[in-house]
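Asker: pasting the structure only:
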């Protein structure tokens, strides 16, 4: 590996070359593009990757139409971090993840997806490598495109209230007032977890709570 490595043009003002980058990680927030989806439960992945971008001083988001994504980048130690928000809408997220992974030559084991999960109670975050989709269409799409061997940060949004509400309507709804007060704690916890992942290149597989 050469000492200087050319970075792909991602439309920002950072230097075209980085010194001694040893690994590249892809962090994907799943959600739906569009103002009508802002603040909804289904977009908590977007909110989490936005918080991470701020915390690690990543570049401004750039709309890369060929990659079907908004892309931001940062250097953390000897790690290059690619942040991604797919513009495909949730159900086709895998198309964007595959495009970005292919472009930057990132293997599934160096990819982590942040997403909402209805089967986990609000206040908890669980992480794992691989596994099923638990009915999440965004995760289902990603798995179809790159396989199961990527990391998941599963952010609880359950339980569904009222119980009889359609699941699609619930996840596309906004957090209630009590939950909204906890969003800063949620984003602080996802940022801490992901920062740990970036510097160790190993996803902690555990359950964390962000309720204070």
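Answerer: Okay, I see it. Owing to the predicted nature of the structure, the values given are computational and were not obtained by experimental measurement.

Asker: Which strands and helices lie in contact with the biggest helix by length in the chain?
Answerer: Across the chain, the longest stretch assigned as helix under DSSP state H is helix 177-200. Where contact means 3 or more CB pairs under 8 Å, 6 or more residues apart in numbering; DSSP states H and E, helix 177-200 is packed against strand 23-29, helix 44-55, strand 69-76, strand 79-86, strand 111-121, strand 124-129, strand 151-158, strand 207-209. Bear in mind the C-beta positions are built from the backbone N, C-alpha and C, glycine included.

Asker: what's the closest of those to residue 200?
Answerer: Judged by CB to CB, the one of these that comes nearest to residue 200 is strand 79-86, at 9.6 Å.

Asker: so how far is that closest one off the chain centroid?
Answerer: 9 Å (CA atoms, centre = their mean, to the nearest Å).

Asker: List the contacts of the next helix or strand after that strand.
Answerer: Toward the C-terminal end, the helix or strand that comes next after strand 79-86 (DSSP states H and E) is helix 93-104. Under the criterion CB atoms under 8 Å, 6 or more residues apart in numbering, residues 8, 24, 26, 28, 30, 66-69, 71, 82, 84, 86-88, 106-108, 111, 113, 138-146 lie in contact with helix 93-104.

Asker: Report the buried members of those.
Answerer: Under a neighbour-count criterion of 16 or more other CB atoms under 10 Å, the subset of these counted as buried comprises 24, 26, 28, 30, 67-69, 71, 82, 84, 86-88, 106, 108, 111, 113, 138-143, 145-146.

Asker: Can you report how many residues lie near residue 179?
Answerer: Other residues near residue 179 number 15, with proximity taken as other CB atoms under 10 Å.

Asker: Just list the residues touching the closest residue to it other than its chain neighbours, thanks.
Answerer: Using CB to CB, 6 or more residues apart in numbering and skipping residues adjacent in sequence, the residue nearest residue 179 is residue 122, 5.8 Å away. By CB under 8 Å, 6+ apart, the contact set of residue 122 is 156-158, 179, 182.

Asker: Return the distance of residue 122 relative to residue 25.
Answerer: When CB to CB, to the nearest Å is the yardstick, residue 122 and residue 25 sit 27 Å from each other.

Asker: And residue 123, by the same measure?
Answerer: With the distance defined as CB to CB, residue 123 ends up 27 Å from residue 25.

Asker: Give me the more crowded residue out of the two.
Answerer: The neighbour count for residue 123 versus residue 25, taken as other CB under 10 Å, is higher for residue 25 (22 against 18).

Asker: Bridging across strands, which residues link to that one?
Answerer: On DSSP bridges, the residues paired with residue 25 through beta bridges are residue 81.

Asker: Hmm, residue 110 and it touching each other?
Answerer: Yes. Residue 25 is in contact with residue 110 according to CB atoms under 8 Å; the separation is 5.2 Å.

Asker: picking that back up, any idea how far the longest helix of the chain is from the chain center?
Answerer: Its chain's C-alpha centre lies 12 Å from the corresponding centre of helix 177-200 when counted by CA atoms, centre = their mean.

Asker: No more questions from me, cheers.
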